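Chemist: Based on what follows, work out the 3D shape:
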Amino acid sequence: MPGSLFREHAAARGPYTYEDYALLPDDGRRYELLEGEILVSPAPKTRHQMVLQKLFKMVDAWAEKGRAGTVLLAPCDMVLSPQTVLQPDLVFIARKHSGIITEDNVQGVPDLVVEVISPWSAERDRDWKRRVYERHGVPCYWIVDPEERRLTAYRRGADDFVLEAALGAGGVFRPADLPELEIDLADLWPAGR
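Modeler: Below you'll find the predicted structure:
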């Protein structure tokens, strides 16, 4: 049984690694490995999924039109180090970096990472994950808040993230590092919710 195999293997170890993570059971839960700590997340709410679906359609249409690269949705493992394996809600990998996409996962830093926050994940996404993505050299990190109808975008500065945009419900976001992509936030939020 994979779950018991994981418990036996992990009991003798200190911080968890990708090797430990790979032994986790396929039980429908969403697992991530954040700097050696295993995190378990509940399934996202429907509003989260609707916003993610709309955002995916916008970014994917842009990527397809310009043959810019590949857009992937969670669950998809993004291996940043042996101790950090995350499943962002959406990642974009530019065509010139497509070598980091393997059959099993993404091995390295995508060009864009997006987290659509849930009430239980807000602190994790705004703080922990932002710092981890910053440390690993992620060029663009967006936090989308369906409750507040807000998009906050960071981009790589000289040494760390700098705030690129913080837009409310009706703003239009044109990310500097993704030419010709335009996110009209009025089209992102589910009607009547």
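
Chemist: pLDDT weak spots in the chain?
Modeler: Applying pLDDT under 70 to the chain flags residues 1-14, 192-193.

Chemist: what ranges do the helices span in it?
Modeler: Assigned by DSSP state H, the chain shows helices spanning 2-11, 18-21, 46-65, 122-123, 130-135.

Chemist: need those helices in TSV with mean neighbour count and distance to P88, can you?
Modeler: In short, each C-beta sits where N, CA and C put it, glycine included. Supplementary listing: the helices of the chain in TSV, determined by neighbours: other Cβ atoms under 10 Å; distance: least, Cβ to Cβ, whole Å:
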stretch	mean neighbour count	distance to P88
helix 2-11	12	23
helix 18-21	16	16
helix 46-65	17	10
helix 122-123	13	15
helix 130-135	18	8
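
Chemist: How about the residue nearest the centre of the chain: what's its closest non-neighbour residue?
Modeler: Geometric centre of the chain, nearest residue: P88, 2.1 Å, by Cα atoms, centre = their mean. Counting by Cβ to Cβ, 6 or more residues apart in numbering, P88 lies nearest to V113, which is 4.7 Å off, once chain neighbours are set aside.

Chemist: what about that neighbour, how many residues close to it?
Modeler: 26 (other Cβ atoms under 10 Å).

Chemist: hang on, isn't it packed against G137?
Modeler: No. The criterion here is Cβ atoms under 8 Å, and V113 misses it with G137 at 11.0 Å.

Chemist: To R95, which of the helices of the chain lies closest?
Modeler: helix 46-65 (8.8 Å; Cβ to Cβ).

Chemist: which residues make contact with the closest one from outside it?
Modeler: By Cβ atoms under 8 Å, 6 or more residues apart in numbering, the residues outside helix 46-65 that reach it are 44, 68-71, 73, 89-90, 92, 112, 114, 116-118, 144, 146-147, 178, 180-183, 187-190, 193.

Chemist: what does stretch 152-161 give?
Modeler: 130, 133-134, 137-143, 145, 162-167, 173, 175-177.
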